[in-house]
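Trainee: task: produce atomic coordinates for the following.
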Amino acid sequence: MWSQDSSWESEPVRLPARSSFLCVGKRRSACSLNERWQQLRSALPEPEHVQQYAQQVAERVSQAASEVKDTAQQAVKKVRDAGSELGDLAQQKAMRMKQNGQDGGTNIKELVKHG
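Mentor: Next up is the predicted model:
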């Protein structure tokens, strides 16, 4: 933490784009609030760049959402298909079991009758 009378001992820090340099190398009290404000503002990107970036992010989010939706729809279809196949298989097995039970009953009746 800086004390009131501490000074910055480092070299000037270069900021991107249209900024000059912060009040580095000067005593803190030597930098006016207005100077600091102007330096910080000049370090910020232009509104057009922010808008372009926001548009790019919005497009990426939209594309990702569309891909997630497609993937979810494919997953739902696979689950439905698997459920349908399992239902069909269960029905076939039930029919076989029923038929085998009837055949078994008929065989027992025949054995008892001709015994």
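
Trainee: where does pLDDT dip in this protein?
Mentor: For the chain, applying pLDDT under 70 flags the ranges 1-31, 102-109, 111-112, 114-115.

Trainee: which single helix of it contains the most residues?
Mentor: Ordering each helix of the chain by length in residues (DSSP state H) puts helix 47-114 first.

Trainee: care to break this structure down by domain?
Mentor: With domains defined by automatic domain parsing, the chain comprises 1-44, 45-114.

Trainee: where does Pro45 land in three-state SS?
Mentor: Three-state assignment for Pro45 (DSSP: H, G, I helix; E, B strand; the rest coil): coil.

Trainee: do you know how far it is from Asp88?
Mentor: 60 Å (C-beta to C-beta, to the nearest Å). Every residue, glycine included, has its C-beta placed from N, CA and C.

Trainee: what does Ala64 give?
Mentor: 36 Å.

Trainee: around Glu110, how many other residues sit close by?
Mentor: Residues near Glu110, counting by other C-beta atoms under 10 Å, number 10.

Trainee: would you check how far apart it and Leu33 are?
Mentor: Distance from Glu110 to Leu33, by C-beta to C-beta: 107 Å.

Trainee: do the same with Ser66
Mentor: Computed as C-beta to C-beta, the Ser66 to Leu33 distance reads 47 Å.
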